[in-house]
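Student: here is a sequence together with a model predicted from it:
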Amino acid sequence: MSITANPLPPLRSFPFSRSPNGRNPRVTMVIRSTTGVSVSTALPILTKLQKDCATPLPLLRNIADAMAKDMRDGLEVDGGSDLKMILSYVDSLPIGNERGLFYALDLGGTNFRVLRTQLGGKDERVIDTEFEQVSIPQDLMSGTSEELFDFIALALAKFVKKEGGKFVLPKNRSRETGFTFSFPVKQTSIDSGILIKWTKGFAVSGTPGRDIVACLNEAMGRQGLDMRVSALVNDTVATLAGARYWDNNVMVAVILGTGTNACYVEAVDAIPKLQGHNSISGRTIVNTEWGAFSNGLPLTEYDREMDAESINPGEQLFEKTISGMYLGEIVRRVLLRMEETGSLFGNYIPERLHTPFALGTPNISSMQQDTSPDLENVGSILYESIGVDSNLDARKMVVEVCDTIAKRGGRLAGAGIVGILQKMEEDSKGIVFGKRMVVAMDGGLYEHYPQYRRYLKEAVTELLGPELSSHVVIEHSKDGSGIGAALLAATNSIYEH
Ligand code: BGC
């Protein structure tokens with residue numbers, strides 16, 4: 001693209017698709033065009049941003065190496081590195097012969113999902129699945145533990161009441177559920193675990209330090225719901241299980257959504273901190289909690305400011321650089337700076353440009369998909385999300401900023417994946433890269449941001465080279481985590497043992 005620094009013509013005919021508050025945006029635009037919108041003063045800010053966010057191959061290599069090293073250190077001893085390397089207690093993955101009715105609950109972001117599935121064994125596999133999604137009211141994200149879990153148990157109880165049709169619970173059995181809880185939890189067994197801390201903007205009081213399953217059981221008790229949690233899992237672990245049900249070569253799962261994380265299949269004897277744990281398969285799934293990775297990240301002043309103002313300063317730095325909750329916010333901060341120093345959008349700075357998280361990652365992805373000559377959609381999104389009017393040059397500048405942040409995020413995520421593969425390869429003495437290796441991906445960011453996806457894959461190919469990367473299949477496993485949790489409930493059912 002080219003960004004010209006020429007004086008801009010008045011934007012009389014900019015067609016807004018929607019106008020919030022019934023205001024006629026064109027009127028504002030005409031007034032604003034007389035104030036001397038200047039893209040030239042924003043250019044040095046863009047240039048510096050691109051320099052600070054650059055992810056050349058040597059930097060990516062360092063990230064991959066540091067990720068592999070942090071994994072090892074975290075496996076050695078608890079607290080050995082930024083990566084918690086949490087043991088999942090999932091030693092056997094579903095193989096396809098699971099049968100019966102199983103539920104899954106999924107709490108991990110702004111939405112909460114309940115799901116039931118009827119499994120029919122080797123021949124029939126998944127007979128039917130139903131799910132419902134409820135968004136978590138904002139106030140519950142910072143309320144009390146009891147309020148949050150009551151809300152969950154109520155939604156679940158309502159869902160259970162609608163059970164029927166192909167969903168059949170055998171007589172004299174309690175319903176069983178998998179519970180996907182996508183926050184850092186120190187697992188104490190397959191069906192218990194202590195919340196270490198909240199992430200992704202949750203700040204519910206009374207939960208950290210408590211057993212999550214006990215919190216849920218108490219709330220289910222208050223609802224009079226007879227349901228047994230047979231597997232407590234992270235969303236990465238559920239995704240891996242869900243994807244593995246269909247494909248035996250899945251060894252790694254990565255979530256790129258509101259937050260980010262990765263898990264993988266590890267050999268039990270490669271985990272020094274694992275003492276007295278017997279795994280018949282000799283393998284177990286390790287939840288890396290890679291969102292906390294921090295080594296060698298190319299951070300900018302915008303990242304530092306965002307981190308300092310966050311509810312968890314100094315924590316989850318990888319997550320804050322690559323995941324969906326934060327990319328839009330980083331872009332907003334850059335645009336605010338461009339506006340303040342160079343009047344990118346005119347002299348008037350709307351309140352919303354100052355409002356944290358007013359620009360979401362879905363917004364920046366949509367802007368990058370705009371192929372119209374005058375970037376009409378970019379203009380509408382900017383107006384609706386952060387209240388600014390823009391001319392074509394400003395919109396081009398904005399798209400460049402989005403691309404810079406998405407590129408850094410995607411490439412760093414790719415380097416993280418290579419770090420995990422590298423660690424597995426080093427231990428397996430050459431067999432990992434020699435055969436088909438599937439990385440199951442899930443999460444809205446990965447699913448809905450094509451440029452991000454492309455940057456991620458490019459980084460993997462650059463790092464591994466054409467030959468090795470040809471064995472690595474990076475595959476979207478949509479909704480694998482819901483069904484995966486239900487499958488793990490089946491694998492760990494009390495009735496099977
Ligand atoms: C949590 C992880 C989770 C990831 C993706 C992170 O914030 O710490 O446990 O897997 O988000 O949902």
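Tutor: In hand now; what should we look at?
Student: which ones are touching Thr129?
Tutor: 115-118, 482-483 (CB atoms under 8 Å, 6 or more residues apart in numbering). Every residue, glycine included, has its C-beta placed from N, CA and C.
Student: for these, point out the one with the lowest pLDDT.
Tutor: When those are compared by pLDDT, Gly482 scores lowest at 85.
Student: need the contact list for the residue nearest in space to the middle of the chain.
Tutor: Most central in the chain under CA atoms, centre = their mean is Gly257, positioned 2.4 Å from the mean C-alpha point. Contact analysis of Gly257 by CB under 8 Å, 6+ apart lists 108-109, 323-324, 442-446.
Student: and the ligand, which of the residues you listed reach it?
Tutor: Contacts with the ligand within the contacts of Gly257, as defined by CB under 6 Å from any ligand atom: Gly108.
Student: closest to Asp389 among the contacts of Gly257?
Tutor: The closest of the contacts of Gly257 to Asp389 turns out to be Gly324 (CB to CB; 26.8 Å).
Student: close enough to count as contact, Gly419 and Arg61?
Tutor: No. Contact criterion CB atoms under 8 Å: Gly419 and Arg61 do not qualify, at 9.7 Å.
Student: number of nearby residues for the closest residue to the ligand within the stretch 251-400 of the chain?
Tutor: Using CB to the nearest ligand atom, Gly259 is the residue of the stretch 251-400 of the chain that sits closest to the ligand, at 2.5 Å. The number of residues packed near Gly259 is 27, by other CB atoms under 10 Å.
Student: so it touches Ser182, yeah?
Tutor: Yes. Gly259 lies in contact with Ser182 (CB under 8 Å); the separation is 6.9 Å.
Student: and the longest helix anywhere in the chain, how far out from the chain middle?
Tutor: Longest helix in the chain, counting residues (DSSP state H): helix 392-428. Relative to the chain's own centre, helix 392-428 is displaced by 14 Å; criterion: CA atoms, centre = their mean, to the nearest Å.
Student: what of stretch 363-376?
Tutor: 23 Å.
Student: and for it, what's in contact with it?
Tutor: Everything outside stretch 363-376 that qualifies as a contact, by CB under 8 Å, 6+ apart, is 14-15, 17, 327-328, 331, 377-378, 381-382, 385, 392, 395-396, 398-399, 402-403, 405-406, 448-452.
Student: just the buried ones among these, please.
Tutor: Buried members of the contacts of stretch 363-376, counted by 16 or more other CB atoms under 10 Å: 14, 327-328, 331, 377-378, 381-382, 385, 392, 395-396, 398-399, 402-403, 405-406, 448-449, 451-452.
Student: related to what we said a few turns ago, state the pair within the contacts of Thr129 that is farthest apart.
Tutor: Those two in the contacts of Thr129 that are separated most widely, counting by CB to CB, are Gln118 and Gly482, at 13.9 Å.
Student: those two: which is more packed in?
Tutor: Legend: neighbour count by other CB under 10 Å for Gln118 and Gly482, higher for Gly482 (27 against 20).
Student: now the residue of the stretch 351-497 of the chain at minimum distance from the ligand: how far from Ile285?
Tutor: At 6.9 Å from the ligand, Gly443 is the closest residue in the stretch 351-497 of the chain, using CB to the nearest ligand atom. Per CB to CB, to the nearest Å, Gly443 is found 18 Å from Ile285.
Student: likewise for Leu46?
Tutor: 42 Å.
Student: so what's the nearest residue to Arg72 once chain neighbours are set aside up against?
Tutor: Distances taken as CB to CB, 6 or more residues apart in numbering put Lys423 closest to Arg72, at 6.7 Å, once the chain neighbours are dropped. By CB under 8 Å, 6+ apart, Lys423 lies in contact with 67-68, 71-72.
Student: so after the helix or strand of the chain with the lowest mean pLDDT, what's the next helix or strand?
Tutor: The helix or strand of the chain with the lowest confidence, counting by mean pLDDT, DSSP states H and E, is helix 25-32 at a mean of 34. The element immediately downstream of helix 25-32 (helix or strand, assigned by DSSP states H and E) is helix 43-52.
Student: who's in contact with that next one?
Tutor: Residues contacting helix 43-52 (CB under 8 Å, 6+ apart): 3, 5, 298-302, 334, 337-338, 341-342, 397, 400-401, 404.
Student: mean confidence for that helix?
Tutor: Average pLDDT, helix 43-52: 97.
Student: list the buried ones in it?
Tutor: 43, 45-46, 49.
Student: which of the contacts of Gly257 fall in helices?
Tutor: 324, 444-446.
Student: and the furthest pair within those?
Tutor: Gly324 and Tyr446 (8.9 Å).
Student: so what's Tyr326 up against?
Tutor: Tyr326 touches 306, 319-320, 361, counting by CB under 8 Å, 6+ apart.
Student: kindly recompute the last result at 10 Å.
Tutor: Applying CB atoms under 10 Å, 6 or more residues apart in numbering to Tyr326 gives the contacts 200, 258-260, 303, 306-307, 310, 316, 319-320, 357, 361, 405, 409.
Student: how about Gly465?
Tutor: Per CB under 10 Å, 6+ apart, neighbours of Gly465: none.
Student: surely it forms part of a strand?
Tutor: No. Checked against DSSP: H, G, I helix; E, B strand; the rest coil, Gly465 lies outside a strand; its state is helix.
Student: how close does it get to Val418?
Tutor: 11 Å.
Student: repeat that for Glu315.
Tutor: 24 Å.
Student: just the C-alphas of stretch 312-326, formatted as CSV.
Tutor: Only the C-alpha atoms of stretch 312-326 are listed here, as CSV (Å, rounded to 0.1, in the frame of the first residue of the first chain):
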residue,chain,number,x,y,z
ASN,A,312,-2.9,-8.6,35.9
PRO,A,313,0.2,-6.4,35.2
GLY,A,314,3.3,-8.3,34.4
GLU,A,315,1.4,-11.5,33.8
GLN,A,316,0.2,-13.3,30.6
LEU,A,317,2.5,-11.3,28.4
PHE,A,318,2.5,-13.8,25.4
GLU,A,319,-1.3,-13.8,25.7
LYS,A,320,-1.4,-10.0,25.7
THR,A,321,0.7,-9.9,22.6
ILE,A,322,-1.0,-12.6,20.5
SER,A,323,-4.5,-13.3,21.6
GLY,A,324,-8.0,-12.0,20.7
MET,A,325,-8.7,-10.1,23.8
TYR,A,326,-5.9,-7.7,23.3
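Student: got the residues of the stretch 201-350 of the chain near the ligand?
Tutor: Counting by CB under 6 Å from any ligand atom, the stretch 201-350 of the chain sits next to the ligand at 234-236, 255, 257, 259-261, 289, 291, 319.
Student: could you turn the buried ones of those residues into a ChimeraX selection?
Tutor: Listed next is the ChimeraX selection for buried residues among these, using 16+ other CB under 10 Å:
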select :234,235,236,255,257,259,260,261,289,291,319
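Student: fine, thanks again, bye for now.
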